[in-house]
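In: Here's a sequence, model it:
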Amino acid sequence: MSNSERKQQNALDNQAQEYGDATFRAMEVLLKLLAAHVDPPEKVDNLLKRVEQCEKFLKHDFSDHLSPTSRIANHCMQHALGSDIRAEDQAQDPRPKARGYASACQHEHHKMCLECEEPRLLLAEIDTLITTAGLSDKERTLMRAECSHLGNKMEYYLAHLIRSKAEDGQRAKVIAEMNPGDCCVVGDFKMKFRPNPHAEAHSEFFAKTGWPWHGLMLMWMDNERQISYNYVNHISMVSKMTNA
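Out: Take a look at the predicted model:
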């Protein structure tokens, strides 16, 4: 797949922008605010370098670490995707529940990958730095709350990357089963198109007025069994999203 075709696929991935790029930028801002309150300041410089390295790893190498099954816990996609039972529901009612489509691993996980665990380790160190920095109680409370919020966004980003890897496998399966003349369309909601107001977070667009904006990637096989790609935008004139 060429770079332009890969960019067309990435254009569907607005969640990587909101929960990936935006999270790392917020981590950098938080660390720069801490710099004036940390001694020695090299601690912040080292963490900033780790933020940059972590972002690059998740964007370019994390998916290569994942596999359908593995004894390394944070490499095992079956382990990551293997439960549809929420922890809070299990705490309220510990009785065994039906797992639905989820499947349990038939092996144990004896190892952890430090590279894949780095996002969580990094946020834990930032939180420790906030705890020990020369801040007022109010500043410390606000910064720790922000760090916790970024941790939640990071978990969502990691889950999104794992789901994307699983979906890529399904896309490859669909392509392998295509015949000349077949076409596959991948669609995703991008945002509401409202030219006047300032940009808002993805989650803030739902149920608001505006034109729903979807991105569609088309893949089709020609008579020589070559796959071609095209990407189009579809802006609906309907002002509100519905469940229909």
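In: all contacts plus neighbour counts: C-alpha atoms, from now on.
Out: OK.
In: tell me, which helix in this structure spans the most residues?
Out: Counting residues, the longest helix in the chain under DSSP state H turns out to be helix 137-176.
In: How far does it sit from its chain's centre?
Out: Remark: helix 137-176 is offset 4 Å from the chain centroid, using C-alpha atoms, centre = their mean, to the nearest Å.
In: Same question for stretch 64-71.
Out: 17 Å.
In: gap between the two ends of that stretch?
Out: Start to finish, the residues bounding stretch 64-71 are 16 Å apart (C-alpha to C-alpha, to the nearest Å).
In: Please identify the buried residues of that stretch?
Out: Applying a neighbour-count criterion of 16 or more other C-alpha atoms under 10 Å, one finds 66-67, 69-70 buried in stretch 64-71.
In: hmm, who's touching it?
Out: The contact list for stretch 64-71 (C-alpha atoms under 8 Å, 6 or more residues apart in numbering) reads 74-79, 105, 107-111, 116, 162, 165.
In: Can you go through those residues and name the buried ones?
Out: Neighbour-count burial (16+ other C-alpha under 10 Å) is assigned, among those, to 74-79, 105, 116, 162, 165.
In: Just these: which are in helices?
Out: Going by DSSP H, the helices hold 77-79, 116, 162, 165 from the buried ones among the contacts of stretch 64-71.
In: what would these look like in CSV with pLDDT?
Out: Output for those, formatted as CSV (pLDDT from 0 to 100):
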residue, pLDDT
M77, 90
Q78, 86
H79, 85
C116, 95
I162, 92
K165, 89
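In: any weak-confidence spans in the protein?
Out: 1-14, 83-103, 189-210, 237-244 (pLDDT under 70).
In: Show me the domain layout of it.
Out: Under the assignment automatic domain parsing, the domains of the chain span 3-176, 183-235.
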